[in-house]
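One predicted model, sequence on top.
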Amino acid sequence: METVTEGRWESLPVTLSPGVLQTLRELGFPHMTPVQSATIPLFMNNKDIAAEAVTGSGKTLAFVIPMLEILLRREEKLKKMQVGAIVITPTRELAVQIDEVLSHFTKHFPQFSQILLIGGKNPIEDIEKFKEHGGNIIVATPGRLEDMFRRKADGLDLASCVKSLDVLVLDEADRLLDMGFEASTCACVEYYGKALESLVKNVKIMCIHGKMKHKRNKIFTEFRKLQSGILACTDVMARGIDIPEVNWVLQYDPPSSASSFVHRCGRTARIGHLGSALVFLLPMEESYVNFLSINQKCPMQEMKPLKNVVDVLPKLKSTALADRDMFEKGMKAFVSCVQAYAKHECSLIFRIKDLDFASLARGFALLRMPKMPELKGKCFSDFVPVTIDTDSIPFKDKNREKQRQKHLEQQRKERQENEGKRKFIRNKAWSKQKAKKEKKKQVTKKRRREEGSDIEDEEMEELLNDTRLLKRLKKGKISEEEFEKRLMSSEKNIEAVADSESED
């Protein structure tokens, strides 16, 4: 394969518009990267392109520039409601980033309208915005774009709007096609964020994970504007996101796939800048280093443990004892971590049966071991749970604690009602046995009637007596013990009569 080197934009075999070149100068990109010089000429000549390049290599501009040039060269200009290009990307954060890059160019081309369609926003507002301003270029996540196609009843016929489509871009295409999102570790992010808040002072701590709805866009935008801070996140931020001057990427858990490891590391050292990435491994997991070296061509070196480090676990434990939110987050994080470990693609290296659950629980500052299938039947003699009843730990947030107490009271009432129902069910079950005995009596009575027996009146009297006993039991006038005693006495009388008949 021919190696493509960097060059000036003017050296491309195709001519770029003055507005595009001006924007590139404003953004500080005087030269092309290899992926840009290789793909842009082909793209602008209407070729289908599949590009793969290392992180931070300028892939976004590699499709934004030819996309604009193709729309500018259209013979028939796009109307407000006509869509000329769609960019589909797997995450909201990446969609926001692409939309921002695109807006730098479209300010020089007011004839084009662009719209961002992502989750976490009101879809009706998106529809109204599209109808008012149009959307010649759409940047979207898959879920929201699909939703927009189904909104014909709300006044948007997107299927008709895309008949004018010239360009379709699938950003992070491999991830879009397999949608390999981790069911990954949202609980761990919540816990780490809470723990860092209590341990690291005077530093902004923020969290992002896939289960967040409306907050994600705001948090991502706010973090990018910070001078310094810490972001705890899942793999939702592992690919494509360009946050300037990220100094460290710390990976507490080994990613479920080797490619994810490289993408995580790629959030630092962007476009020629320096940065560091660290992953924590147990001694039994060290062969993962060789695996990454072979599988991803990613050499690594060991970082010696720091000496005289502060033991933060007692503080985390005391925080969990003082605030139920911390206690519950720690339990959920532990369960999430264990379950993610059990599903790792390198199961020969990350073996769940070799995991030291007690040490892991202490690392999460747990007050007791949670109930989960992976721990069933196991003994943890080297883990000492707290002696207090963890149900008594309150939420520091008074409103949450008030709601919890209300819920506990409701549960107590339900238990009492269920106990009453169980007692009734037990009586009902006994009455079924009684009915079975009565049926047996009826069969015996019928047989004896056929045989000419003359004890019908006696049996009817016994049956009436048993019925009266059952009614008195249900009304609580006699105990179950007394009921059983009288019933047994009645049955013995019947058996005695039957025996005397058989002797006759």
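That came through fine. Note that this is a predicted model, so its numbers are computed, not measured.

For the stretch 51-200 of the chain, give me the ranges with low pLDDT.
55, 177-184 (pLDDT under 70).

in it, which spans are strands?
Ranges of strands within the stretch 51-200 of the chain are 85-88, 114-117, 137-140, 167-170, based on DSSP state E, counting those that start in this stretch.

Any buried residues in the first one, and which?
Taking 16 or more other Cβ atoms under 10 Å as the neighbour-count basis, strand 85-88 is seen to contain the buried residues Ala85, Ile86, Val87, Ile88. Backbone N, C-alpha and C define where each C-beta goes, glycine included.

what's that strand in contact with?
63, 67, 70-71, 95, 98, 102, 136-142, 145, 162, 165-171, 176 (Cβ atoms under 8 Å, 6 or more residues apart in numbering).

hmm, back to that, quick one: which of the buried residues of strand 85-88 is nearest Met44?
Using Cβ to Cβ, Ala85 comes nearest to Met44 of the buried residues of strand 85-88, at 13.2 Å.

Not counting its neighbours along the chain, what's nearest that closest one?
Of all residues not flanking Ala85 in the chain, Val167 sits nearest, at 4.0 Å (Cβ to Cβ, 6 or more residues apart in numbering).

next one: Leu199
Excluding its sequence neighbours, the residue lying closest to Leu199 (Cβ to Cβ, 6+ apart) is Val312, at 5.5 Å.

Now that neighbour, what are its backbone angles?
Main-chain dihedrals, Val312, degrees, to the nearest 10: phi -90, psi -10.

And it, how far from Phe327?
16 Å (Cβ to Cβ, to the nearest Å).

neighbour count winner among those two?
Phe327 (23 against 13; other Cβ atoms under 10 Å).

If you drop the residues flanking it in sequence, what lies closest to the more buried one?
Nearest residue to Phe327, sequence neighbours excluded (Cβ to Cβ, 6+ apart): Ala320, at 4.2 Å.

cool, Ala173 as well?
Leaving aside its sequence neighbours, Ala173 sits nearest to Ala50 (Cβ to Cβ, 6+ apart; 7.3 Å).

from what I can see the one you found touches Val169, true?
No: between Ala50 and Val169 there is no contact under Cβ atoms under 8 Å: 11.3 Å.

Tell me which of the two has more neighbours.
Neighbours per residue, other Cβ under 10 Å: of Ala50 and Val169, the larger number sits with Val169, 20 against 8.

wait, doesn't Met67 sit right on Val169?
Yes: the pair Met67 / Val169 is scored as a contact, 6.6 Å apart, by Cβ under 8 Å.

count of residues packed around Asn45?
Other residues close to Asn45 by other Cβ under 10 Å number 11.

if I look at the closest residue to it other than its chain neighbours, how far off is Phe43?
Among residues not flanking Asn45 along the chain, Val14 sits closest, at 7.4 Å (Cβ to Cβ, 6+ apart). Note on Val14: its distance to Phe43, by Cβ to Cβ, is 9 Å.

For the two, work out which one has more neighbours and name it.
Phe43 (23 against 12).

pLDDT averaged over the helix or strand encompassing Arg412 - what is it?
Per DSSP states H and E, Arg412 falls inside helix 398-450. Helix 398-450 shows an average pLDDT of 74 in the prediction.

Just the terminal-to-terminal distance for stretch 297-305.
Terminal residues of stretch 297-305 lie 25 Å apart, using Cα to Cα, to the nearest Å.

now it, how far from the centre of its chain.
30 Å (Cα atoms, centre = their mean, to the nearest Å).

Which positions within that stretch qualify as buried?
Those would be Met300, for stretch 297-305 by 16+ other Cβ under 10 Å.

what's the closest non-adjacent residue to Glu190?
Lys329 (5.2 Å).

Please name every helix or strand in contact with the helix or strand where the one you found lies.
In this structure, Lys329 sits in helix 324-342 according to DSSP H and E. With contacts taken as 3 or more Cβ pairs under 8 Å, 6 or more residues apart in numbering; DSSP states H and E, helix 324-342 sits against helix 186-199, helix 313-322, helix 357-363, helix 398-450.

Only C-alpha atoms, please: export the first one in CSV.
C-alpha atoms of helix 186-199 as CSV (Å, rounded to 0.1, in the frame of the first residue of the first chain):
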residue,chain,number,x,y,z
CYS,A,186,-22.3,2.7,35.3
ALA,A,187,-22.5,1.8,38.9
CYS,A,188,-18.7,1.9,39.3
VAL,A,189,-18.6,5.3,37.8
GLU,A,190,-21.2,6.6,40.3
TYR,A,191,-19.2,5.1,43.2
TYR,A,192,-15.8,6.3,42.0
GLY,A,193,-17.2,9.8,41.5
LYS,A,194,-18.7,9.8,45.0
ALA,A,195,-15.4,8.5,46.5
LEU,A,196,-13.2,11.0,44.7
GLU,A,197,-15.4,13.8,46.0
SER,A,198,-14.7,12.8,49.6
LEU,A,199,-11.0,12.2,49.0
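
Give me the contacts around it.
So helix 186-199 is contacted by 205-211, 230, 232-234, 252-253, 312, 315-316, 319, 325-326, 329-330, 332-333, 335-337, 364-365 (Cβ under 8 Å, 6+ apart).

one more time with 6 Å, if that's ok
Applying Cβ atoms under 6 Å, 6 or more residues apart in numbering, the contact partners of helix 186-199 are 205, 207, 209, 211, 232, 234, 312, 316, 319, 326, 329-330, 332-333, 336-337.

Could you do stretch 264-280 as well?
Contacts for stretch 264-280 (Cβ under 6 Å, 6+ apart): Thr55, Gly56, Ala238, Val246, Asn247, Trp248, Val249, Leu250, Gln251, Tyr252.

the strands in the stretch 201-350 of the chain, which residues?
Using DSSP E, counting those that start in this stretch, strands in the stretch 201-350 of the chain cover 205-208, 230-233, 248-251, 276-279.

Out of those strands, which gets nearest to Glu419?
Nearest of these (Cβ to Cβ): strand 205-208, 42.2 Å.

Could you tell me how many residues sit around Ser260?
So Ser260, with other Cβ under 10 Å, has 21 neighbours.

what's the burial count for Ser160?
12.

how about it, what does it touch?
So Ser160 contacts nothing (Cβ under 6 Å, 6+ apart).

do you know how far it is from Leu78?
Note on Ser160: its distance to Leu78, by Cβ to Cβ, is 14 Å.

Lys378 now?
In terms of Cβ to Cβ, Lys378 sits 64 Å off from Leu78.

Among these two, which residue is more densely surrounded?
A count of neighbours by other Cβ under 10 Å puts Leu78 above the other of Lys378 and Leu78, at 20 against 9.

The more buried one is in contact with Gly84, isn't it?
Yes: using Cβ atoms under 6 Å, Leu78 is in contact with Gly84, at 4.9 Å.

Can you work out which residues contact both of the two?
Common neighbours of Leu78 and Gly84 (Cβ under 6 Å, 6+ apart) are Asn136.

Now Asp147: closest residue in space, sequence neighbours ignored.
Distances taken as Cβ to Cβ, 6+ apart place Pro123 nearest to Asp147, at 5.8 Å, with adjacent residues excluded.

Next, count neighbours for Ile124.
12.

quick one: the closest residue to it other than its chain neighbours and Met81, what's the gap?
Spatially, and ignoring its direct neighbours in sequence, Ile124 is nearest to Asp154 (6.5 Å; Cβ to Cβ, 6+ apart). Applying Cβ to Cβ, the value for Asp154 to Met81 is 15 Å.

Who has more neighbours out of these two?
Set side by side, Asp154 and Met81 show more neighbours around Met81, with 17 against 13, by other Cβ under 10 Å.

From what I see, the more buried one and Val162 are in contact.
No: using Cβ under 6 Å, Met81 makes no contact with Val162, being 10.4 Å away.

how close does the nearest residue to Ala333 once chain neighbours are set aside get to Phe63?
Distance criterion Cβ to Cβ, 6+ apart; nearest residue to Ala333, sequence neighbours excluded, is Tyr191 at 3.6 Å. The gap separating Tyr191 from Phe63 is 38 Å, by Cβ to Cβ.

Alright, that wraps it up for me.
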